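> Next input, structure requested:
(2 chains)
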Amino acid sequence: MTPALSRAVQFGLVVLLVLLAALVDSVVFAPLDLPGAPPNVVLLIVAALALVFGSVGGAFTGFFAGLAVDVLPPADHLIGRYALVLCLVGYLVGLLRDEARDSVLLALVTVAVAAAIATVLYSVLGGVLGDNRVGAATLVSSLPYSIVYDVLLAPFVVPWVMSLARRAQPQVVPR
Amino acid sequence: MRDSRRTRLILALLLLTAFTLITLDYRAKGGGVFGSMRRTASSWFGPVERVAADIARPVRNAVDAVGSIGSNHKKLQDAEKTISRLQQELRARPFDQRRVDELNALLRVSSVGQYKLVPAQVIAVGAGSGFEWTATIDAGSMDGVKTDMTVLNGDGLVGRVTVVGRSTATVLLAIDPEFNVGVRLPDGETGVVTGRQKNDMGFYLIDPSARVKPGDGLVTQGSKNQQPFVWGVPVGQVVTASSPLSGQSQTGTVKPYVNFSALDLVGVVVQPPRADPREALLASPRPTVTVTATVTATPQPPASSGSTGTTGTTSGRKSTATHTATTTATATKTTPPPAKPNPPAPSGSP
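Numbers count the residues shown, from 1 in each chain, chains lettered A, B, ... in the order given. Predicted coordinates:
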């Protein structure tokens, strides 16, 4: 594969995975009305891709995945909010790429921390923007659930997405 | 790739872009370019959600049949009782009966309240970290749905339409904290009800001298030009009410009539009734409204206020068994006049 074609494949893969994750979140998990907050599969995808793409790739993936979550129905919050949160999460997770390469445990811990950061950051941003939905009480009650659900789902999502992304990776030595 | 000046610059640029988007959307208040972005997304992603919902429905039904997971112990026990009863019923009648019941309830609302409805199915629910309570329904501009229309089901108020795509629309559910609705009390006074996520909804009364008591049913007051809320839609039942000092308005909590964890069939009010239905929809039979007495068995029957605000359909059996006839009388008095034909009978308790 030429690098250009490979890039296109990679881009298509990211788009497909993100849309699929957004669909699973809103059509499958959210209607189940699990206690606490529903799991966030988009976050898992962003974390998994960032572990392959690195910090810059992670930031870009997170930004566009977040933007998708902001715009796709039935979202009802300011556009750019999840983009900001997931961009930062993607960047931070991407920094751990080399460390998480051969450690499954570290990958799982990374996902847990990423879930926590995303939820807290989203809430804090809501506080700044005067969103009535987030408060300290809501955050405290939903945070443990977000982390637990995401960590439980991670083994089924992250390795699979990572191997898929590695295969689509352009065959150039990472900078 | 390590953290370098270049990577940090890219991150900063992306974050700045995101922040600019937030600021612009905040100023546009959901209109302008961002409004059309949402509409476009709704138009082409809505049908995808629709197909996905059809695929996911068997899974969802299976989970629904097991019962809600992880709720507290009491709820679980109650659910187990309900499940065993339902399982017997289920064997007797086809699974689609639930849907028929929902449709019937919707038809009743539409005929009693004189609302012109477009029926729709909930196909997706907002996933925003559990903070946001929204839903996608499978009716859109092609079906005559417009923004700021009232959405209801057979039990009462579900929400209002915020974004409309071609064949789907987004509904802000009544339990979302950004949701406020003007309500009317039985005595004609007005109040405002606000969503509080999974907790009971909150309310406050406008007039400081007005008072409500637990058990009172609230209906929508109707907005100006009937948008976003048409009048006469049942919202919920008062559970607790504060006793404020004079000059302060009363506050409290309201249990919504609608079960938001199992939303399925809803109706969008495309044309409001010409005349105010008043409390017509509250008066007709309603399975969820039963105020039961407290379970604590005291030696002498409580003086007048036997019904504290515990609502629920399941706790009736136990309390009526241990209580004297006076308490059962207060309990039945608070239910709407034509009571449901099959309440748990107080079989020979006196």
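> ok, is the lowest-mean-pLDDT helix or strand in chain A in contact with chain B or not?
Within chain A, no helix or strand scores below helix A:97-100, which has a mean of 84 by mean pLDDT, DSSP states H and E. Yes. Judged by Cβ under 8 Å from any Cβ of the partner chain, helix A:97-100 comes into contact with chain B at A:Arg97. Using the backbone N, CA and C atoms, a C-beta is placed for each residue, glycine as well.
> Give me the buried stretch members for the next helix or strand after that helix, please.
Counting by DSSP states H and E, the next helix or strand C-terminal to helix A:97-100 is helix A:104-128. Of all the residues in helix A:104-128, those buried under the rule 16 or more other Cβ atoms under 10 Å in any protein chain shown are A:107-108, A:110-119, A:121-123, A:125-126.
> and chain B, which of those contact it?
The subset of those within reach of chain B, by Cβ under 8 Å from any Cβ, is A:118-119, A:122-123, A:125-126.
> what's the helix or strand for the spatially most central residue of chain A?
Residue closest to the average C-alpha location in chain A (Cα atoms, centre = their mean): A:Leu43, at 2.0 Å. Taking DSSP H and E as the definition, one finds A:Leu43 inside helix A:41-71.
> Next, see if that helix gets close to chain B.
Yes. Where contact is defined by Cβ under 8 Å from any Cβ, part of helix A:41-71 touches chain B, namely A:54-56, A:59-60, A:63, A:66-67, A:69, A:71.
> could you check the angle helix A:104-128 makes with that helix?
In terms of direction (axes from the mean of the first three to the mean of the last three Cα atoms, to 10 degrees), helix A:41-71 departs from helix A:104-128 by 30 degrees.
> for the helix ranked longest in chain A, which positions count as buried?
As assigned by DSSP state H, the longest helix anywhere in chain A is helix A:136-168. By neighbour count with 16+ other Cβ under 10 Å, helix A:136-168 contains the buried residues A:138-139, A:141-143, A:145-147, A:149-151, A:153-154, A:157-158, A:161-162, A:164-165, A:168.
> filter these down to the ones near chain B?
A:138, A:142, A:145-146.
> Isn't A:Ala47 up against A:Tyr91?
No. Contact criterion Cβ atoms under 8 Å: A:Ala47 and A:Tyr91 do not qualify, at 11.3 Å.
> neighbour-wise, which of the two wins?
A:Ala47 (35 against 27; other Cβ atoms under 10 Å in any protein chain shown).
> ok, now which ones touch the more buried one?
A:89-90, A:93, A:110-111, A:114, A:158 (Cβ atoms under 8 Å, 6 or more residues apart in numbering or on different chains).
> show me what contacts the residue most central in space within chain B?
Nearest to the mean C-alpha position of chain B, by Cα atoms, centre = their mean, lies B:Val258 at 3.6 Å. With contact taken as Cβ under 8 Å, 6+ apart, B:Val258 is in contact with B:153, B:155-158, B:174.
> just the strands in chain B please.
Shown for chain B, the strands assigned by DSSP state E span residues B:116-125, B:134-137, B:150-152, B:157-164, B:169-173, B:180-184, B:190-194, B:201-205, B:217-220, B:234-241, B:251-256, B:265-271.
> mind listing what the shortest one pairs with, with the direction of each?
Pointing back at strand B:150-152 there. If you go by DSSP bridges, strand B:150-152 pairs up with strand B:157-164 (antiparallel), strand B:265-271 (antiparallel).
> Save the ones you listed as CSV, and put in mean pLDDT and mean neighbour count too.
Below are the strands paired with strand B:150-152 laid out as CSV (pLDDT from 0 to 100; neighbours: other Cβ atoms under 10 Å in any protein chain shown):
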stretch, mean pLDDT, mean neighbour count
strand B:157-164, 94, 25
strand B:265-271, 92, 22
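> how about the closest residue to B:Pro208 other than its chain neighbours, what does it touch?
Nearest in space to B:Pro208, with sequence neighbours left out and distances taken as Cβ to Cβ, 6 or more residues apart in numbering or on different chains, is B:Ser249 at 4.8 Å. Applying Cβ under 8 Å, 6+ apart to B:Ser249 gives the contacts B:204-208, B:210.
> Going through the residues you listed, which ones are buried?
B:Leu205.
> right, and out of the contacts of B:Ser249, which lies closest to B:Lys198?
B:Tyr204 (20.3 Å; Cβ to Cβ).
> Cheers, nothing more for now.
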